[in-house]
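In: got a predicted structure plus its sequence, pasted below:
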Amino acid sequence: MVSLEDLSFMVRIEEKKESTKDKPIQKAKLPSKVYIPLIQHTGKECSSIVERREKVRVGQMIATSDSGIFSPIHSSVSGKVVDIADWPHPVLGRKKAIVVESDGGEESQTIDYRSQSEIEKLTAQQIREIVFEAGIVGLGGAGFPTHIKLAPPKPVDSFILNGCECEPYLTCDFRLMLEKTREILLGVGLVLKCLGARDVYIAIEENKPEAIKAFEREIQNSKFKIQILRSQYPQGGEKQLIKNILKKEVSSGSLPFDVGAVVHNVGTVFSIYEAVYLNKPLYERVITVTGKVLENSKNLLVRIGTPIKDLIEECRPLKEEPAKVIVGGPMMGASQYTLDIPVIKSTTGIIFFTEEEIEETKEEFCIRCGECIVSCPIRIYPNLISLAVENKRWDKASDYGAKDCIECGLCSYICPAKRSLIGAIKKAKIMIG
């Protein structure tokens, strides 16, 4: 076990995980309809390979692409394709989605589980192909296709399993670490076969002692090291983990493999286990559904494409109608305008806020205090990027580091002028391309 590290560029924020951290994962009810967007990952939008009125099965591939960075998409229910049309998207506004009406059955096209001897014979390339065919992406929120990170173009010395879950409210990763510890470690073994990494670090924040004990009980490989990290934000950021654990800096324009490291979220590694051991594509995931308006906040195993209005029904009765809905955590998540929004692969949680919890703020002029620069974990200039955006100087926004932003939201959180710095940076990234 490794001691606590020294941290810089981190803040301690109220965690608010009490309502769900002790709630075991429950299987959500099968939705009557799912709305499965054709883009749920970083990269190219997929194209449908099914047609209206076509019968589909659970786990059947229904959308893919023929080139570029992408991840295939699978049906999360068995039933009939009733439409392929624009639908609200939790991140991108509106995007084309495949609408499947469930027949209430569980007919699946997945084959029998692989035997241990079959798994041991798999090559690294075969594992990557299984992960690709299963449509696995980063489940910590980024949504980057996982098969690409399993084939780094440079040698990798270190693999970091990210179990920090530093966002307030969210506990889905914590519950996975408690309930699926052995399966996650089997997934780590598959990742190592692909990467050939020498060192393995299991990163867990100090506020999760139960998870630390769970891994201590299950770890049998002496090269697996549990790294206990302070409960600060944004501890779970990829670059922050590499800096705090390996003492290496991932510079602007570089990627983790440039310093010999790869980082995967615990949910992603669990999905790798399911794909290889169980022949199961990524058509469902664990999310946290929480908020003061809910009588019964929960950690739910949810089918991809389930509308969030269905999940409210899972947690009734309501104490009051939600005044604001965030998909993701409160720091990095996005506010929604409709409850028709579906769960996608990168959805980590849904938070329902009361009217009382919403702070009405008015943006003021930048007072040049520099707090956003001092607190930025990757040392860019949020205030200057914001001013560049106001003047549509996308070149200047790029010069000040907009493309390096990890969208942690710290700059907006600490800004005394209540400026929407993170919103400006997100806009700059889109305009810069």
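Out: Yep, it's here.

In: domain assignment for the protein?
Out: 116-278, 371-432 (automatic domain parsing).

In: looking at those domains, spot the one closest to Leu92.
Out: With CB to CB as the criterion, Leu92 lies closest to domain 371-432 of these, at 10.4 Å. For every residue, glycine as well, the C-beta is placed using N, CA and C.

In: just to revisit the earlier point, which of the domains of the chain sits closest to Pro24?
Out: domain 116-278 (6.6 Å).

In: if we can go back for a sec, need the least confident one among the domains of the chain, by mean pLDDT.
Out: Note on these: lowest mean pLDDT is at domain 371-432, with a mean of 90.

In: quick one: distance of that domain to the chain centre.
Out: In terms of CA atoms, centre = their mean, to the nearest Å, the centre of domain 371-432 is found 22 Å from the chain centre.

In: return the set of residues that bridge with the nearest residue to Gly333 once chain neighbours are set aside.
Out: Nearest in space to Gly333, with sequence neighbours left out and distances taken as CB to CB, 6 or more residues apart in numbering, is Ile326 at 4.3 Å. Beta-bridge partners for Ile326, by DSSP bridges, are Ser335, Ile351.

In: thought Ile326 was touching Gln336?
Out: Yes. Contact criterion CB atoms under 8 Å: Ile326 and Gln336 qualify, at 7.2 Å.

In: ok so, going back, mind putting the domains of the chain in CSV, mean neighbour count and distance to Gly305 included?
Out: Below are the domains of the chain laid out as CSV (neighbours: other CB atoms under 10 Å; distance: least, CB to CB, whole Å):
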stretch, mean neighbour count, distance to Gly305
domain 116-278, 20, 13
domain 371-432, 19, 24
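
In: compare those and give me the one nearest Val293.
Out: domain 116-278 (13.0 Å).

In: endpoint to endpoint, that closest one covers what distance?
Out: End-to-end span of domain 116-278 (CA to CA, to the nearest Å): 11 Å.

In: start at 521, not 1
Out: Shifting the count to begin at 521 puts that one at domain 636-798.

In: which residues touch stretch 854-866?
Out: With CB atoms under 8 Å, 6 or more residues apart in numbering as the test, stretch 854-866 has contacts from 554-557, 560-561, 591, 607-611, 617, 655, 657-659, 661-663, 802, 805, 807, 822-829, 831-832, 844-848, 870.

In: if we use 6 Å, what do you get?
Out: By CB atoms under 6 Å, 6 or more residues apart in numbering, the list of residues contacting stretch 854-866 from outside reads 555, 557, 560, 608, 610, 657, 661, 663, 822, 825-829, 845-847.

In: same thing with stretch 706-714?
Out: With contacts defined as CB under 6 Å, 6+ apart, stretch 706-714 is touched by Ala644, Ile647, Leu670, Leu681, Val789, Phe790, Ile792, Tyr793, Val796.

In: hey, where'd the strands end up in the stretch 571-720 of the chain?
Out: For the stretch 571-720 of the chain, the strands defined by DSSP state E, counting those that start in this stretch occupy 575-576, 581-584, 593-594, 599-609, 613-622, 678-683, 719-725.

In: tell me the average confidence for the third one?
Out: Which is strand 593-594. 98.

In: and that strand, how far out from the chain middle?
Out: 17 Å.

In: returning to what we had before: neighbour-wise, which of Ile846 and Gln856 wins?
Out: Neighbour count, other CB atoms under 10 Å: between Ile846 and Gln856, Ile846 has more, with 21 against 18.

In: still on that earlier bit, let's have the strands of the stretch 571-720 of the chain in a markdown table, adding distance to Ile533.
Out: Formatted as a markdown table, the strands of the stretch 571-720 of the chain follow (distance: least, CB to CB, whole Å):
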| stretch | distance to Ile533 |
| --- | --- |
| strand 575-576 | 43 |
| strand 581-584 | 38 |
| strand 593-594 | 34 |
| strand 599-609 | 28 |
| strand 613-622 | 28 |
| strand 678-683 | 18 |
| strand 719-725 | 12 |
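
In: between the ones you listed, which gets nearest to Leu775?
Out: Proximity to Leu775 (CB to CB) singles out strand 678-683 among those, at 13.8 Å.

In: other SSEs contacting that closest one?
Out: Using 3 or more CB pairs under 6 Å, 6 or more residues apart in numbering; DSSP states H and E, the elements in contact with strand 678-683 are strand 719-725, strand 781-785.

In: what lines up beside that strand in the sheet?
Out: Next to strand 678-683 in the sheet, as set by DSSP bridges, lie strand 719-725 (parallel), strand 781-785 (parallel).

In: got CSV for those, with distance to Ser771 too?
Out: Shown next, in CSV, are those (distance: least, CB to CB, whole Å):
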stretch, distance to Ser771
strand 719-725, 21
strand 781-785, 13
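
In: closest one to Tyr901 among these?
Out: Closest approach to Tyr901 among these (CB to CB): strand 781-785, 25.4 Å.

In: who's in contact with the closest one?
Out: 659-660, 669, 676, 678-680, 682, 715, 758, 761-762, 776.

In: Throw the residues you listed into TSV and include distance to Lys916, thanks.
Out: As requested, these are exported to TSV (distance: CB to CB, whole Å):
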residue	distance to Lys916
Leu659	35
Gly660	31
Lys669	32
Val676	36
Ser678	36
Phe679	38
Ile680	34
Asn682	33
Leu715	38
Glu758	26
Leu761	30
Ile762	29
Pro776	28
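
In: between the contacts of stretch 706-714, which sits nearest Leu930?
Out: Closest to Leu930, out of all of the contacts of stretch 706-714 and judged by CB to CB, is Leu681, at 24.0 Å.

In: wait, that closest one sits on Ile722?
Out: Yes. Contact criterion CB atoms under 6 Å: Leu681 and Ile722 qualify, at 4.7 Å.

In: so which of the strands paired with strand 678-683 comes closest to Glu927?
Out: Nearest to Glu927, of those and by CB to CB, is strand 781-785 at 15.7 Å.

In: just the CA atoms of the closest one, as PDB, please.
Out: Below are the C-alpha coordinates for strand 781-785, written out as PDB (Å, rounded to 0.1, in the frame of the first residue of the first chain):
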ATOM      1  CA  ALA A 781       0.900   5.300 -19.000                       C
ATOM      2  CA  VAL A 782      -2.700   4.200 -19.700                       C
ATOM      3  CA  VAL A 783      -5.700   5.000 -17.400                       C
ATOM      4  CA  HIS A 784      -9.000   3.200 -17.400                       C
ATOM      5  CA  ASN A 785     -12.100   3.800 -15.300                       C
END
